[in-house]
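Trainee: Fold the stuff below for me.
(chains A and B)
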Amino acid sequence: MSKKEKKQKKPKIKVGKLEKREARAGYFFTLPWVIGVIAFLLVPLAQSFKFMWYNIRITPMGMIYNYIGIGNFTNIWHEDPEFPQQLVTYIWQTCLEVPIIIVFALMIAIMLNGKIKMRAFFRLIFFLPVIIVSGPVMNMLVSEGAATIPSMNVQSIVAAFDVFFPTSVAESIGEMFSNMIMTLWYSGVQILIFLSALQKVDPALYEAAKIDGGSGWECFWKITLPTMKPMILLNAVYTVIFLSGNEQNTLITMIESAMFSGTKEKGYGYASAMAWLYAIVITLIVGLFALMLGSKKDVYDRKAKKFKKLQKKEERMKRRVIRRGERHAKKVARNSRRYTTYDGSGDY
Amino acid sequence: MKKNYWKKLLVSMTLVASMLIGVAGCGGDKSGDANPTQGATSGEKTDDKQGGSATKDPVKVEPVNVFGDYNVTTDNITLTYWHYEDQGMADRMCEAFMELYPNITVENKVISDMSTDLSAAAAAGTFPDVFEGTDSDTALANLYWADITEYWNADPENQNLMPTINEYGIGMFDTSVRFAAPMRYWPSAVFIDRNVIETLNLDMPRTDWTWEEMIQLIKDATQYDPDMQYFGLGYYNRLDSLYGIAAVSKDVRQIKGEFGFNGEDFDLQYWAIGEQQFSDLKLAGYVAPQQSTQEMEDWTGDWDTWFGATGRVAVFSEGFWTYQNLWGVEGYQEQYGLDIVPYVTPNVIDEKEHNVIATMYMGGVSTSCKYPLEAYLLLKFMGWGVDGWKVRNEIYADTTITNDSGTPLKNAQMPVPLTLNEEVWAGYKALFPQDEDRKPYWDDYFASITRPVPYGWYSIAGYWNFCDQYFNSIGIHDLVDNGTAKAADYTEEATRQANYYHADAMITYFGPSGYNVLSDAELAKYQAVVDSFLN
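Mentor: The predicted structure is shown next:
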């Protein structure tokens, strides 16, 4: 029987009224999100994809499109060298800052998950910066130097790293140190995510480990971290996206200023080209983190898989041995028939 | 149960309190505390007591009903006007215009950022009918300004303006068409602190001084003092801008713009001399530190001090508004021990009448405007028109009229009239010190500022592109100022670049893809410059 026939024979199940109603409700509840995605993501995405091939002049009488192919991209590289430079700096900074934020958030989450006094208050304290950085307050704080540590000699740090790394990398590291407070302030949401993940770890696992003599350190590496691994990936992706679309991000400011720039080279087309370049870089960084954190299964999954593989291999071997034995027996039987004497006694 | 009850009560009380605070915050004060950068307002009548003071009756001016071959509409129309003026002043001016033309309603809005606001308005289809701008390249590149040549030429008042406006075609951008008109004018100014000159036993220079005399005074006035060093110069405007505009006689080169621009091309050799001279003064320690620098802290002990308030600087290269907004404020000079008088910008070649570099906002009627004549009348009233200036003088003279910050309007970026009308000037001069000691300085100064030449970004097509993509991107000012390079090193290449950007912009803005007002010969001329640069 072919697959097609099998499929055709599958009995049709009539969807009940309740199920239909539930489905409608589901669609209704997802409708705002769908509308949002179409209106504020897909349409602008398609528009900006179109815009990047044009030089656009927005006149009071309407928009004038002038097709220039890859002209906007060449303009970015030839006439606006600051953008590629900032792009390189952004890559380094993101790659350095994301692990720092993740590790810091995990540490704080573990501490806040412990049995401490005024736990709710401390949780609130660590989430407060999220509210602050989401508004213009952060810009004011940064301009007043609140994001830096005055006693930290950033120039010495840059000079030290400059010996081992290229200058752009050393400067990115220096920049990271100079904005250390701000970087750590970006950890509020990540702490919450880790905290919720920590609370879902089965306490029986710890209990069992403790009974077997596992130390806290071992429990962290063997139980906590493997369980949290999907959340680490989630937080890494969230952090990359947050750092990339943040008000403090120079690239966002540059794209915005190019978008509203009235000069003949810039405008919507030029800004769209910048935005697409930037989006590609962000996607690559997200992909990098996904490869690092998401491709491998956790240690137990790996061991289970390995064990199953081993079992299958053993079964295969067993089957092979049995088949070989059977084949051998048959062979012996055939041979014995071949050398039978005419009288059938077997005695020569 | 009890515990839950108190918890719920606490949460609900907090919610109610935060809602009340929110509602109270949204309530807004109708007495005029609104952010001046937000929203249009003057369709509504302004409360005369706004700012805690009463206004006098406005000056009586007659409306214009017939203008050349055109009649001003009698239909009820609305015009939108976007500007950089103090909101309080703009409201009053709009009100005066609406009294003159009762059928026209004017809605005004302060522009916070020209490119952002106007391009957003253009994209949204809400472009203003009349607006003033600080960056002409943006307006020209996007065809914001309409042709107002006909109205301008038909208006007899325009023959009595500061001579460079018509002579150099300021607002015409080296075409035969007028796209914009100067709206607000602030000349550059050199001020001298007489107290410092007296303390240092120096002689006050003659008011028709030369460039060399000014440089010498800067050097003489830089003196060590154990209490606090004296500096010869404090600057806001760089000296190279002042120098370049008046560097040579008209017979040698008719300079009508920055960087030696003569209406056709640039020649940066004049700029380079001024730039180098300024850099040499800075490096030799004749120039006072800028605000918010380590040098300022080392000098005064305070990071945030402004050199103009130290009483230790002799000569200032400043904007005109510095006097009105700071030194001219009652009690300011007494507080800091200053005695500031204005001086004519010195001429390099000792010519009595010479050009003065100026901040000059350009205004125009937008290409989407449905009532261009009425919009032109509004533009003129708000900018250079005699009627408008009569109203302005009345408002400025009444120091009880204040803006939302409580500052009298004459101390809130008051510009200089562009008309030469005597009545306007008599009223305007009366706003400045009238005592015998200082009045002669002001009279001499006002007599010397009748030949304004705007900074490049107001009047030269492609100027901003040149600065953005070449001059500023390699940081020439910084390199020369810190002694890394000599200004003369850049003269040739910068001239070549400036000419290219200008020619390229002329083709884009005024060629077939833009306003299409250039002749074939003009197009070929600019194309040749572009081709020679690219090849």
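Trainee: tell me which parts of the stretch 51-200 of chain A are close to chain B?
Mentor: Within the stretch 51-200 of chain A, the residues that sit near chain B (C-beta under 8 Å from any C-beta of the partner chain) are A:57, A:58, A:59, A:60, A:61, A:63, A:64, A:66, A:79, A:80, A:81, A:82. C-beta coordinates here come from the backbone N, C-alpha and C atoms, glycine included.
Trainee: Using TSV, please lay out the residues you listed together with distance to residue A:333 and secondary structure.
Mentor: Shown next, in TSV, are those (distance: C-beta to C-beta, whole Å; DSSP: H, G, I helix; E, B strand; the rest coil):
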residue	distance to residue A:333	secondary structure
A:57	93	strand
A:58	92	strand
A:59	97	strand
A:60	100	coil
A:61	98	coil
A:63	90	strand
A:64	92	strand
A:66	88	strand
A:79	88	helix
A:80	86	coil
A:81	85	coil
A:82	86	helix
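Trainee: What are the structural domain limits within chain B?
Mentor: What the record gives for chain B is the domain set B:66-186+B:359-420, B:187-357+B:435-495, from automatic domain parsing.
Trainee: rewinding a little: which of the residues of the stretch 51-200 of chain A next to chain B has the weakest pLDDT?
Mentor: Among those, residue A:79 carries the lowest pLDDT, at 72.
Trainee: pretty sure that residue is touching residue B:470, no?
Mentor: No - using C-beta atoms under 8 Å, residue A:79 makes no contact with residue B:470, being 9.5 Å away.
Trainee: The chain: strands as residue ranges?
Mentor: Let's take chain A. Secondary structure of chain A by DSSP state E: the strands cover A:54-59, A:62-67.
Trainee: other chain: chain B
Mentor: B:66-67, B:70-71, B:77-83, B:104-110, B:130-133, B:181-193, B:231-235, B:313-319, B:340-343, B:356-365, B:452-454.
Trainee: Where does the stretch 201-348 of chain A get nearest to chain B, residue-wise?
Mentor: Chain B sits closest to residue A:262 of the stretch 201-348 of chain A, with a gap of 2.6 Å, by C-beta to the nearest C-beta.
Trainee: what's the pLDDT at the closest residue to that residue other than its chain neighbours?
Mentor: Leaving aside its chain neighbours, residue A:262 sits nearest to residue B:138 (2.6 Å; criterion: C-beta to C-beta, 6 or more residues apart in numbering or on different chains). Per-residue pLDDT puts residue B:138 at 90.
Trainee: Mind telling me which residue is nearest the centre of chain B?
Mentor: In chain B, the centroid-proximal residue (C-alpha atoms, centre = their mean) is residue B:359; its distance is 3.7 Å.
Trainee: tell me the contacts of it?
Mentor: Residue B:359 makes contacts with B:184, B:185, B:186, B:187, B:188, B:319, B:320, B:454, B:455, B:458, as judged by C-beta atoms under 8 Å, 6 or more residues apart in numbering or on different chains.
Trainee: switch to 10 Å and redo it
Mentor: Contacts of residue B:359 were listed using C-beta atoms under 10 Å, 6 or more residues apart in numbering or on different chains, and they are B:134, B:184-188, B:237, B:319-321, B:415, B:452, B:454-455, B:457-458.
Trainee: Would you list the buried entries among those?
Mentor: Buried members of the contacts of residue B:359, counted by 16 or more other C-beta atoms under 10 Å in any protein chain shown: B:134, B:184-188, B:237, B:319-321, B:415, B:452, B:454-455, B:457-458.
Trainee: circling back to that earlier point, what is the burial count for the residue nearest to residue A:262?
Mentor: The tally of other residues near residue B:138 (other C-beta atoms under 10 Å in any protein chain shown) stands at 23.
Trainee: now the one 4 residues further on
Mentor: Other residues within reach of residue B:142 by the criterion other C-beta under 10 Å amount to 27.
Trainee: Nearest spatial neighbour of the residue of the stretch 51-200 of chain A found nearest chain B, chain-adjacent residues omitted?
Mentor: Nearest residue of the stretch 51-200 of chain A to chain B (C-beta to the nearest C-beta) works out as residue A:60 at 3.5 Å. Leaving aside its chain neighbours, residue A:60 sits nearest to residue B:368 (3.5 Å; criterion: C-beta to C-beta, 6+ apart).
Trainee: So, low pLDDT: which residues of the chain?
Mentor: You didn't say which chain, so I picked chain A. A:1-11, A:133-135, A:147, A:151, A:295-299, A:338-348 (pLDDT under 70).
Trainee: try chain B instead
Mentor: In chain B, residues with pLDDT under 70: B:1-5, B:7-9, B:11-69, B:350-352.
Trainee: Quick check: residue B:153 touching residue B:176?
Mentor: No - using C-beta atoms under 10 Å as the test, residue B:153 is too far from residue B:176 to be in contact (11.0 Å).
Trainee: separation between residue B:146 and chain A?
Mentor: Distance, residue B:146 to chain A, by C-beta to the nearest C-beta, to the nearest Å: 9 Å.
Trainee: Quick one: residues contacting that residue.
Mentor: A:60, B:129, B:177-180, B:364-369, B:372, B:375-376, B:515.
Trainee: Mind doing that once more with 7 Å?
Mentor: B:364, B:365, B:366, B:367, B:369, B:372 (C-beta atoms under 7 Å, 6 or more residues apart in numbering or on different chains).
Trainee: And these, which of them are buried?
Mentor: Using 16+ other C-beta under 10 Å, the buried members of the contacts of residue B:146 are B:364, B:365, B:366, B:367, B:369, B:372.
Trainee: With respect to residue B:474, which of those residues is nearest?
Mentor: Distances from residue B:474 to these, taken as C-beta to C-beta, are shortest for residue B:364 (32.5 Å).
Trainee: bridging residues for that closest one?
Mentor: For residue B:364, the beta-bridge partners under DSSP bridges are residue B:131.
Trainee: Would you mind measuring from the residue of chain B found nearest chain A to residue B:307?
Mentor: In chain B, the residue that lies nearest chain A is residue B:138 (2.6 Å; C-beta to the nearest C-beta). Applying C-beta to C-beta, to the nearest Å, the value for residue B:138 to residue B:307 is 33 Å.
Trainee: Could you list the buried residues of stretch B:189-208?
Mentor: Across stretch B:189-208, burial judged by 16+ other C-beta under 10 Å covers B:189-197, B:199, B:205, B:207-208.
Trainee: Pick out the most distant pair among those residues.
Mentor: B:199 and B:208 (24.7 Å).
Trainee: List the buried residues of the top helix by length along chain A.
Mentor: What stands out as the longest helix in chain A, according to DSSP state H, is helix A:299-338. Residues of helix A:299-338 classed as buried by neighbour count (16+ other C-beta under 10 Å): none.
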